[in-house]
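[1] show me the folded form of this:
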Amino acid sequence: MALVSLFLLSISAAMFGQSAIQMDSPGSAEQLRLGVLAYHGGRYAESLFLFEKALAYSPGDPDVLNWLGRAYLKSGLEATALRTWEQIIAGKSFTPILRSKIEALRASRAFGSQSLSSATYIEAVRFDGINVKDIFFSRPTALLPLKDGSILVVAHGSNELFTIDVNGQIRERRRGGLVGFDRPFGLAVSKDDTIFVTEFNSDRVARIGTEGNSVFGSSGRGTGELIGPASAACDSHGYVYVVDYGNARISKFNNSGAFILSFGMKADNFDGLESPSGIVINDNVLFIADTVKKAVFRFDLSGNFLGALALGELRSPEGLSLWNKGKSILVADTTRIVSIDLETEALYELYASSDGKSKILSVAADYNGNIIMCDFNKSSISILTESSSLASGYDVEIVRVDAKDFPIVRMEVSVSDRKGNPVLGLASPNFYLSERVVRSTIVDEGGKAVTKREVTLRPVKDSELVGIGQVSKSAQVIILAERSPENGYQKTAFLSALTDIVSSLSNLNGFEVSIGLASAGKPPVLIAAPSSSLKLESMATSISTSVSTLGRFDLGLRLAAQSLFPTATRDAIIYLGSGSIDDSSFSGLTISELAALLKNNGLRFFAVTVGTTMPSSSIQYLAERTGGQVFAASRPSGLADLANAIKDAPSGRYSFSFISQADSNFGREQLGINIEAYLFKKSGRDELGYFAPLR
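    Numbers count the residues shown, from 1 in each chain. Prediction:
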């Protein structure tokens, strides 16, 4: 880190990109200052107007063009942002950071063009459990990525369950209470967060729940008995499936540990498992690996045999996990990792160990787009990353800066990979902050007093990571209600869906949602800004009193989005309507630009459709592009999944505070902040200007 600091301190002011206002026109300087303030306040349309005025005063100014490009990006006009930034590139006034921004934007606009199936992965970092002096953990057998970026690991050799963060720090150890684990092996977590750990030596399963811990299972070959329980998995109905290795079968238990049934033995259409190992469940289908038969077998939740995958193509398959949004499964195949496409059944090798002594027992995709594996023989956990992503690094964005209490400065930063996936689990050591400090001195040159400006980069003072978006417990949501005749005809169903949405959002334990309401009729109207006290009755009254023609969905969506600016961690828009929208009525922004408007501001789009009309392709596109989902209002399970999707949405936002050492020149000097984020072998950087209050 010391070398990094020395490097940053040696960068000239010209390389920093943001500079003090040196424009010939006072009008341009003032318009830029006002535009920067509007930008940091989330008023992007206003900032666009002001930056355009500043550019009219000072045509071609690279600082104004840089700000203008950012404002276009936040407004969803990505192509215009690229053209604006390319003017800076053409003028040779760009920084490496700007070029990186352009490359990241171009990559994100190639949405959906990359395929995970045939990618090649390499080891980015390895956490060794044993070194010359210490034993941190031994013989890992199972792992589970957690939503905060950390990993839950079963260590068979050291008899424990522990959590390790992205920097390799062990945060928590569990050793099974007073009795202790007896060679734990497998790991599963149910939808109510109950943890199940199989104990290979004791022929039992430890159950760790919020109401206390217990064990179930006994040793033997009889009904419900176990010999060497290995891997485990939970289905969406609360049942746990245990690989009964010694009995060459799968045993199913309920959430409390009561035995239900066993399967996988010899039957009319199946000659039986021989050496069952890994297990994973996808869409009510169980996938079971068999190390002797070198294949993966499929069963339904009642144990009926459905067929085989990769028969004879595997070496000695162990752990299984879902990948690529459930379209594929990952297989820990002893010395390599392969994926199996569930639609085509094609097999791809993603990683191969160069050490023939490796024994990869478990593999899973984490929430940062990496693959995690544990090597039993090496007592290690490795993070594998797509080889092509190492050079591209991370996309780091300073979202906004709040300097109203200058010299105390607060800022919010977003970190994502080049595919737009948020990077989770970062801590203070993963960031380096510096600021541009300008010092003016008067020197004598040939009898004349000359003002000299010295511009340097210095590490910020008293920097503190004060907020992590992934652990945030609140969100703002705007319900965008369609006000069409069709909804008038289906008023009861429409109001029932509204009730279900509000009820689901209001009953998230430990998570607070502020709900607002907008109408997508003619014209669109913001009925109520997000509030934690907005009552369902008033919302229902507002949207049921009148209907209009189909309205302007595009204007309604823009209005809903702008009402959330500046956005917080898990803010979202929920469209409630028939699902039919008329793209030809759009003016201003296209559907792709509307998607960019939401995505570039961290807003997810969800849709709840009433009636039998299939959601339009535009509705589906908006949800997919922004990380949201489409739900039918009539779904039997209700809309709890919608509320949980908002609560559990991954966030790569981080908040900092620091004390500035810069001279603000009474609020007239544009100050600059630079931040770099590091994780494993990848990094990313951003820089941005801000103004202190006028004095």
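[2] all helices of the stretch 201-350 of the chain, in order?
    When assigned using DSSP state H, counting those that start in this stretch, the stretch 201-350 of the chain turns out to have no helices.
[3] the stretch 1-150 of the chain too?
    2-9, 13-16, 26-40, 44-57, 62-74, 78-90, 96-109.
[4] any regions of this structure where pLDDT drops low?
    By pLDDT under 70, the low-scoring segments of the chain are 1-24, 110-118, 178, 484-489, 543-551.
[5] name the residue most distant from the centre of it?
    residue 447 (61.1 Å; CA atoms, centre = their mean).
[6] Provide a list of residues in contact with that one.
    Not one residue lies near residue 447 by CB atoms under 8 Å, 6 or more residues apart in numbering. All C-beta spots, glycine's among them, are computed from the backbone N, C-alpha and C.
[7] now swap in residue 130 and tell me
    Taking CB under 8 Å, 6+ apart as the criterion, residue 130 is in contact with 136, 138, 379.
[8] out of the helices of the stretch 1-150 of the chain, which is the most enclosed?
    Using mean count of other CB atoms under 10 Å, the stretch among these with the greatest mean number of neighbours is helix 62-74 (a mean of 25).
[9] what lies in contact with it?
    Helix 62-74 has contacts (CB under 8 Å, 6+ apart) with 17-19, 21, 28, 32, 35-36, 39, 44, 47-48, 51-52, 54-55, 58, 78, 80-82, 84-85, 87-88, 91, 93-94, 98, 105, 596-597, 600-601, 670, 689.
[10] quick one, what contacts residue 206?
    Under the criterion of CB under 8 Å, 6+ apart, the neighbours of residue 206 are 176, 181, 184, 196, 197, 198, 199, 213, 214, 215.
[11] which SSE is residue 540 in?
    Assigning secondary structure by DSSP states H and E places residue 540 in helix 536-544.
[12] elements contacting that helix?
    Of the remaining helices and strands, those touching helix 536-544 by 3 or more CB pairs under 8 Å, 6 or more residues apart in numbering; DSSP states H and E are helix 491-506, strand 512-519, strand 525-531.
[13] now for the ones you listed, which one comes closest to residue 554?
    Evaluated with CB to CB, the helices and strands packed on helix 536-544 place strand 512-519 nearest to residue 554, the distance being 12.8 Å.
[14] buried stuff in the closest one?
    With burial defined by 16 or more other CB atoms under 10 Å, the residues of strand 512-519 counted as buried are 513, 514, 515, 516, 517, 518, 519.
[15] ok, how many other residues are close to the closest residue to residue 627 other than its chain neighbours?
    Leaving aside its sequence neighbours, residue 627 sits nearest to residue 604 (CB to CB, 6 or more residues apart in numbering; 4.9 Å). Burial of residue 604 is recorded as 23 neighbouring residues (other CB atoms under 10 Å).
[16] got the angle between the helix or strand just after the helix holding residue 540 and strand 512-519?
    Sequence order places helix 553-562 as the next helix or strand after helix 536-544, per DSSP H and E. Regarding helix 553-562 and strand 512-519, their directions subtend 150 degrees when assessed with axes from the mean of the first three to the mean of the last three CA atoms, to 10 degrees.
[17] can you list the domains in this structure?
    The record's domain parsing of the chain by automatic domain parsing lists 121-387, 397-472+651-695, 473-647.
[18] including distance to residue 64, could those go into JSON lines?
    Listed next are those as JSON lines, based on distance: least, CB to CB, whole Å:
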{"stretch": "domain 121-387", "distance to residue 64": "35"}
{"stretch": "domain 397-472+651-695", "distance to residue 64": "11"}
{"stretch": "domain 473-647", "distance to residue 64": "20"}
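[19] so what secondary structure elements neighbour the longest strand along the chain?
    Here the longest strand in the chain is taken by residue count, with DSSP state E as the criterion, and it is strand 431-445. Contacts defined by 3+ CB pairs under 8 Å, 6+ apart place strand 431-445 against helix 2-9, helix 13-16, strand 448-459, strand 461-468, strand 653-659, strand 671-679.
[20] dump these to JSON lines, plus distance to residue 436.
    Supplementary listing: these in JSON lines, determined by distance: least, CB to CB, whole Å:
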{"stretch": "helix 2-9", "distance to residue 436": "11"}
{"stretch": "helix 13-16", "distance to residue 436": "5"}
{"stretch": "strand 448-459", "distance to residue 436": "6"}
{"stretch": "strand 461-468", "distance to residue 436": "14"}
{"stretch": "strand 653-659", "distance to residue 436": "13"}
{"stretch": "strand 671-679", "distance to residue 436": "4"}
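[21] got the buried residues for the longest strand of the chain?
    Buried residues in strand 431-445, defined by neighbour count with 16+ other CB under 10 Å: 431, 432, 433, 434, 435, 436, 437, 438.
[22] strand partners (parallel or antiparallel) of it?
    Taking DSSP bridges as the criterion, strand 431-445 forms sheet pairs with strand 448-459 (antiparallel), strand 671-679 (antiparallel).
[23] what angle separates the longest one from strand 653-659?
    Using the same axes, to 10 degrees, the direction of strand 448-459 lies 130 degrees away from that of strand 653-659.
[24] starting at the chain centroid, how far to strand 448-459?
    Between the mean C-alpha location of strand 448-459 and the chain-wide mean there is a distance of 42 Å, by CA atoms, centre = their mean, to the nearest Å.
[25] what do you get for the shortest one?
    Taking the mean of its C-alpha atoms, strand 671-679 sits 20 Å from the chain's own mean (CA atoms, centre = their mean).
[26] residues of the helix or strand following that strand that come out buried?
    Past strand 671-679, further along toward the C-terminus, the next helix or strand under DSSP H and E is strand 682-690. Neighbour counts over strand 682-690 (16+ other CB under 10 Å) mark 682, 684, 685, 686, 687, 688, 689, 690 as buried.
[27] so which of those comes closest to residue 612?
    Using CB to CB, the shortest approach to residue 612 within the buried residues of strand 682-690 belongs to residue 684, at 46.1 Å.
[28] next up, the contacts around the closest residue to the closest one other than its chain neighbours.
    Ranked by CB to CB, 6+ apart and with sequence neighbours excluded, the top spatial neighbour of residue 684 is residue 394, at 3.2 Å. In this structure, residue 394 makes contact with 415, 416, 417, 418, 423, 677, 679, 682, 683, 684, judged by CB under 8 Å, 6+ apart.
[29] any idea how far residue 496 is from the residue farthest from the centre of the chain?
    As judged by CB to CB, to the nearest Å, residue 447 and residue 496 stand 85 Å apart.
[30] what does residue 84 give?
    As for residue 84, its distance to residue 496 is 47 Å (criterion: CB to CB).
[31] hey, which of the helices and strands packed on strand 431-445 is tucked in deepest?
    Between those, the one whose residues have the most neighbours on average, counting mean count of other CB under 10 Å, is strand 671-679 (a mean of 23).
[32] relative to strand 461-468, how tilted is that strand?
    Interaxial angle of strand 671-679 relative to strand 461-468 (the same axes, to 10 degrees): 60 degrees.
[33] re the thing from before, out of the contacts of residue 394, which is nearest to residue 289?
    Comparing the contacts of residue 394 against residue 289 with CB to CB places residue 417 closest, at 29.5 Å.
[34] shouldn't the closest one be in contact with residue 366?
    No: judged on CB atoms under 8 Å, residue 417 makes no contact with residue 366 at a distance of 11.7 Å.
[35] between these two, which has more neighbouring residues?
    residue 417 (24 against 21).
[36] for the more buried one, which residues are in contact?
    Taking CB under 8 Å, 6+ apart as the definition of contact, the neighbours of residue 417 are 368, 369, 389, 392, 394, 395, 423.
[37] out of those, who has the most neighbours?
    For the contacts of residue 417, neighbours were counted using other CB under 10 Å, and residue 423 has the most, 28 neighbours in all.
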